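Undergrad: Take a look and give me a structure for this.
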Amino acid sequence: AAGVVEQLGEGVSTFEKGDRVLFQCDWSNDYAGFQQYALSNAVTTAKIPDHISFDEAASIPAASAAALIGLYLPEPQGAGLTAPLDSTTQGKESGKPILVIGGGTSVGQFGEPTSLPIVLRNST
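TA: Modelled structure (predicted):
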């Protein structure tokens, strides 16, 4: 989801009222999307750069999560790749080719910025 900060919770110092933000929704009503006001956890919230619209920003959490699940969850749910989360795992999958079906989609684009040789498959 994406929106404008209206109020800050106690101890939140990384955002200000009026900031444009995007965040990952939750399954509970107060934290869900598609409503006028929603709560968000500061750790799963990010400021929206000026050049990105609210519509574009709202797609980022779900699209990036779908790509991460597809790449890094163990088989058979995902590809079972090692996530490059720190210096011990960065580059572990380097040089292994990967096929991204739907590479031009919002989810496919989040699968692209890896150190893997990528073959993109799009249809028109």
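Undergrad: Correct me if wrong: Phe23 contacts Lys47.
TA: No - with contacts counted by CB atoms under 8 Å, Phe23 stays clear of Lys47, the gap being 10.5 Å. C-beta coordinates here come from the backbone N, C-alpha and C atoms, glycine included.
Undergrad: Between those two, which has more neighbouring residues?
TA: Phe23 (23 against 14; other CB atoms under 10 Å).
Undergrad: Ramachandran angles for the more buried one?
TA: phi -160, psi 160 (degrees, to the nearest 10).
Undergrad: again with the one 4 residues further on
TA: Note on Trp27: its backbone torsions stand at phi -80, psi -10 [degrees, to the nearest 10].
Undergrad: That one: neighbouring residues, count only.
TA: 6.
Undergrad: The chain should start at 47 in everything you say after this.
TA: All right, first residue 47 from here; so that's Trp73.
Undergrad: Distance of Ala108 relative to Lys93?
TA: 18 Å (CB to CB, to the nearest Å).
Undergrad: To what extent is the nearest residue to Glu62 once chain neighbours are set aside buried, counted in neighbours?
TA: Using CB to CB, 6 or more residues apart in numbering and skipping the chain neighbours, the partner closest in space to Glu62 is Val51 (6.7 Å). By other CB under 10 Å, 16 other residues sit near Val51.
Undergrad: My guess is Val51 contacts Phe61. True?
TA: Yes - if you go by CB under 8 Å, Val51 and Phe61 touch, sitting 5.2 Å apart.
Undergrad: just checking, what packs against the longest helix anywhere in the chain?
TA: Longest helix of the chain, by residue count under DSSP state H: helix 100-118. Applying 3 or more CB pairs under 8 Å, 6 or more residues apart in numbering; DSSP states H and E, we find helix 100-118 packed against strand 48-50, strand 66-69, helix 152-157.
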